[in-house]
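Undergrad: how would this look folded up:
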Amino acid sequence: MNIEKLQNSDKLYLSGKDISRILSISLKSAQVTASRYVKEKRLVRLKRDIYIIPEKLKTISEEELFFISNLLQTPSYISLTTALSYYNLSTQQTPSFIEAIGLKRTISFGINDIEFNFIKIQKAFYFGFERNDNFFIASPIKALADSIYLTAIGKYNCDFDAIELEKFDKTELSNLLNSTNKATQNLWLKLIRNYKL
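TA: Next up is the predicted model:
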């Protein structure tokens, strides 16, 4: 069966061209086949012309989920509690909830049992991330800065009790947050007082 050929592919996701090549059919036929398989729930559509086998989503690694997140909204980078948890700096685990910062729009994508959450940020604050293998992720200090900034402006609700705040450089964080706004700086000062940083 054709679906078995697709399931045996070692690719994380499949494009229309991949389906065309694997099944030895035209690109147009591949697109029709993909559409049919999505309706039959044999394929999951991630975005236009990008598909994944549902079984792969059940065994996918955290890093592969991060890659898919970057793919769903470009440009974007993993941040907030998701990044802090990845760096073992937060006790709050979010295995089925991937948080990212983007430039296009604030939106959530539910794909099977996994939710990909994107928060739009001002271009001036879109920095402080790096490429790790094949995905983009905030540095630990930028993930915390994003959490403080977005919580201060009411776009996020960070559980600061779950974060090991004492492991961060207070001066570096203050410098990062100085260019934001008064609400962010006030929240940071409150955190310094409350957690005796």
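Undergrad: Next one: residue 85 from residue 62, what distance?
TA: For residue 85, the distance to residue 62 (C-beta to C-beta, to the nearest Å) stands at 9 Å. Glycine gets a C-beta too; all of them are placed from N, C-alpha and C.
Undergrad: With neighbour numbers in mind, choose between the two.
TA: residue 85 (20 against 14; other C-beta atoms under 10 Å).
Undergrad: how much space is there between residue 162 and residue 178?
TA: 25 Å.
Undergrad: do residue 139 as well
TA: Looking at residue 139 against residue 178, where the rule is C-beta to C-beta, the gap reads 17 Å.
Undergrad: just to revisit the earlier point, pick out whichever of residue 162 and residue 178 has more residues nearby.
TA: The residue with more neighbours, out of residue 162 and residue 178, is residue 162; 15 against 10, by other C-beta under 10 Å.
Undergrad: Which residue is the nearest non-sequential neighbour of the more buried one?
TA: residue 92 (4.0 Å; C-beta to C-beta, 6 or more residues apart in numbering).
Undergrad: after the helix or strand where residue 30 lies, next one along is what?
TA: Here residue 30 sits within helix 27-39, counting by DSSP states H and E. Downstream of helix 27-39, the first helix or strand assigned by DSSP H and E is strand 44-47.
Undergrad: for the helix or strand just after that following strand, packing partners?
TA: Under the assignment DSSP H and E, the closest C-terminal helix or strand after strand 44-47 is strand 50-52. Here strand 50-52 touches strand 14-15, helix 27-39, strand 44-47, going by 3 or more C-beta pairs under 8 Å, 6 or more residues apart in numbering; DSSP states H and E.
Undergrad: Which other helices and strands does the second one contact?
TA: What it means is helix 27-39. helix 2-7, helix 16-23, strand 44-47, strand 50-52.
Undergrad: ok and that helix relative to helix 16-23, angle-wise?
TA: Here helix 27-39 points in a direction 100 degrees away from that of helix 16-23 (axes from the mean of the first three to the mean of the last three C-alpha atoms, to 10 degrees).
Undergrad: So which bits of helix 27-39 are buried?
TA: 30-31, 33-34, 37 (16 or more other C-beta atoms under 10 Å).
Undergrad: Can I get those residues in CSV including pLDDT?
TA: Shown next, in CSV, are the buried residues of helix 27-39 (pLDDT from 0 to 100):
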residue, pLDDT
30, 96
31, 96
33, 96
34, 97
37, 97
